[in-house]
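Visitor: no sequence for this one, just the structure:
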């Protein structure tokens, strides 16, 4: 009892409840319970705990749980569809979510990436690291036309890894290049993560799309520079093929022709937003239609492909919306314990300097990326941090056009930070997507070693965006200022 009294002096009961909610949620996840079930289960558990510990009068539990005549309990929270279901489904921004998922999945079926791979292998075959460079360039192009990370990593792995291994590439550099290039789609628009951030932070999706483009290209540029420099410094890790061909005009034209279809799709989606011809939601429909037409022109579209893409789109969208609803439930109960105020006071009380507070938040998100998926971090952490960011009043140039420029800057910083969550063990999903298509002689150890330099490059990109906030607001201001 003396030990409990000591801890009680350090933290009040509400603070303990908030901390235990997060610990219990992570415990459920590591025991294999699906994310949505874990969120709902923890929320229900702490409604009951709150009734027993904090509210003996039973007002809390009676507010949220009711028993019918047969003694079966049902949750009043879920009966309130306007708050936990209708509010999500009615959000027009989230209409873009299934459309962008459909676009990415259909583009993977179109054969566009395979044609780019074949032509770029010929063009860059005479360069040290040319094959890795081809994979990276294709990853950047795919990132700007699809935000489905699993599909991109698997596609690049299936196309690029056998060729790299056949050319005696180092296993770490081959796997690291594929994993890093495949995850760029979560940052470079159109990105489903940015769609969700727009909803959670109540800011313009167009601002986020335009704001993420330059940081995404900077990150891609850092990757390309690393591959070129690494190829020069360690040629034995990325050797030239014995039968490489000389660069010809035909090879250049082949690459140009293979790049045209995805570039047209990118122009259709991002160009329509940039020039004010369509909202992001409308552009998502154009993108889905454009990807379908590309598959049709490539003669890769049939009824089976259409059904498979629609089924995968439904599964992925349903998975995300399910987590949306569960996360809202979790956040609502968390707030009943004063969680938002507790977290806000904890973060703001950590440092006097407002920029150090932002760095502290990013550090927490970086650490959470080792344990949680980007979806949970975006849905649970971002709304809790929004009042903190708004309260800091950090001066970020919005050029008189961008609404809430500091929030846009913060969102892009978090998006760059969450890039690392795909590559950091033990929950780096890109690593396991890639391992699923690797030959048996490539181990997780090779993949872990290969992604280390790319994680460092991601942190370098984060530092650049942190030091130059206008990188995230200049393009939105240019687009909407016109």
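Guide: It's in. All values derive from a computational prediction rather than experimental measurement.
Visitor: mean confidence for stretch 238-258?
Guide: Stretch 238-258 shows a mean pLDDT of 77.
Visitor: tell me which residues in that stretch are buried?
Guide: 238, 240, 251, 254-255, 258 (16 or more other C-beta atoms under 10 Å). For glycine as for every other residue, the C-beta is placed from the backbone atoms N, C-alpha and C.
Visitor: from residue 183, how far off is the nearest residue in space to residue 429 that is not next to it in sequence?
Guide: Nearest non-adjacent residue to residue 429, counting by C-beta to C-beta, 6 or more residues apart in numbering: residue 422, 5.7 Å away. Going from residue 422 to residue 183 by C-beta to C-beta, to the nearest Å gives 4 Å.
Visitor: now do the shared contacts for the two.
Guide: 149, 430 (C-beta atoms under 8 Å, 6 or more residues apart in numbering).
Visitor: residue 344 is in contact with residue 391, correct?
Guide: Yes: Residue 391 is in contact with residue 344 according to C-beta atoms under 8 Å; the separation is 7.4 Å.
Visitor: neighbour count winner among these two?
Guide: Counted by other C-beta atoms under 10 Å, residue 391 and residue 344 do not tie: residue 344 has more neighbours, with 17 against 13.
Visitor: assign a three-state SS to that one, would you?
Guide: When classified by DSSP: H, G, I helix; E, B strand; the rest coil, residue 344 comes out as helix.
Visitor: returning to what we had before: for the residue nearest to residue 429, give me its contacts.
Guide: Taking C-beta under 8 Å, 6+ apart, we find residue 422 in contact with 149, 179, 183, 186, 374, 428-431.
Visitor: of the residues you listed, closest to residue 477?
Guide: Set against residue 477, the nearest of the contacts of residue 422 by C-beta to C-beta is residue 186 (24.0 Å).
Visitor: the stretch 1-150 of the chain: helices as residue ranges?
Guide: Taking DSSP state H, counting those that start in this stretch, the helices of the stretch 1-150 of the chain run over residues 2-10, 13-30, 35-53, 59-64, 76-79, 81, 87-89, 96-109, 112-124, 130-143, 149-166.
Visitor: tell me the mean pLDDT for the third one?
Guide: Taken as a whole, helix 35-53 carries a mean pLDDT of 80.
Visitor: so what's the gap between that helix and the chain middle?
Guide: Helix 35-53 has its C-alpha centroid displaced from the chain centroid by 27 Å (C-alpha atoms, centre = their mean, to the nearest Å).
Visitor: report the buried residues of the lengthiest helix in the chain.
Guide: As assigned by DSSP state H, the longest helix anywhere in the chain is helix 303-336. By 16+ other C-beta under 10 Å, the buried positions in helix 303-336 come out as 305, 309, 312-313, 316-317, 320-331, 333-334, 336.
Visitor: then stretch 192-210?
Guide: Within stretch 192-210, the residues that count as buried by 16+ other C-beta under 10 Å are 192-201, 203-210.
Visitor: would you mind giving the domain segments of the protein?
Guide: The record's domain split for the chain, according to automatic domain parsing, is 2-79, 89-326+348-481.
Visitor: which of these sits most buried?
Guide: For those, the largest average neighbour count (mean count of other C-beta atoms under 10 Å) is found in domain 89-326+348-481, namely a mean of 20.
Visitor: one step back: residue 340 is nearest to which of the domains of the chain?
Guide: Residue 340 lies closest to domain 89-326+348-481 among the domains of the chain, at 5.5 Å (C-beta to C-beta).
Visitor: low-confidence regions, the stretch 1-150 of the chain specifically.
Guide: By pLDDT under 70, the weakly predicted segments of the stretch 1-150 of the chain are 1-12, 50-90, 125-126, 146-148.
Visitor: go again using 80 as the cut-off
Guide: Applying pLDDT under 80 to the stretch 1-150 of the chain flags the ranges 1-15, 32, 47-94, 121-129, 145-150.
Visitor: residues contacting residue 395?
Guide: Counting by C-beta under 8 Å, 6+ apart, residue 395 makes contact with residue 406.
Visitor: distance of it from residue 353?
Guide: 14 Å.
Visitor: could you do residue 321 as well?
Guide: Distance of residue 321 to residue 353, given as C-beta to C-beta: 39 Å.
Visitor: could you do residue 160 as well?
Guide: Relative to residue 353, and taking C-beta to C-beta, residue 160 is found at 44 Å.
Visitor: residue 402 now?
Guide: Distance, residue 402 to residue 353, by C-beta to C-beta: 24 Å.
Visitor: go ahead and confirm residue 117 touches residue 159.
Guide: Yes: the pair residue 117 and residue 159 passes the contact test of C-beta under 8 Å, sitting 4.8 Å apart.
Visitor: can you pull the residues that touch both of these two?
Guide: Shared contacts of residue 117 and residue 159 (C-beta under 8 Å, 6+ apart): 135, 138.
Visitor: list the contacts of residue 96.
Guide: So residue 96 contacts 190, 195, 205, 280-281, 283-284 (C-beta under 8 Å, 6+ apart).
Visitor: typo on my end, it should be residue 41
Guide: Each residue near residue 41 by C-beta under 8 Å, 6+ apart is listed here: 28, 33.
Visitor: kindly report the same for residue 377.
Guide: Residue 377 sits next to 365, 368-369, 418, 421 when contact means C-beta under 8 Å, 6+ apart.
Visitor: residue 418: which element?
Guide: Assigned by DSSP states H and E, residue 418 belongs to helix 405-419.
Visitor: next secondary structure after that helix?
Guide: Per DSSP H and E, the first helix or strand lying C-terminal to helix 405-419 is helix 429-435.
Visitor: contacts for that next one?
Guide: 149-150, 153-154, 157, 175, 178-179, 182-183, 373, 422-423, 425, 442, 444, 447-448, 451.
Visitor: and the next element down the chain from that helix?
Guide: Downstream of helix 429-435, the next assigned helix or strand under DSSP H and E is helix 444-467.
Visitor: what pLDDT does the nearest residue to residue 411 once chain neighbours are set aside get?
Guide: Closest residue to residue 411 apart from its sequence neighbours, by C-beta to C-beta, 6+ apart: residue 197 at 5.1 Å. According to the prediction, residue 197 has pLDDT 90.
Visitor: what strand or helix carries residue 197?
Guide: Here residue 197 is assigned to helix 192-201, by DSSP H and E.
Visitor: just how off-centre is that helix within its chain?
Guide: 10 Å.
Visitor: noted, bye for now.
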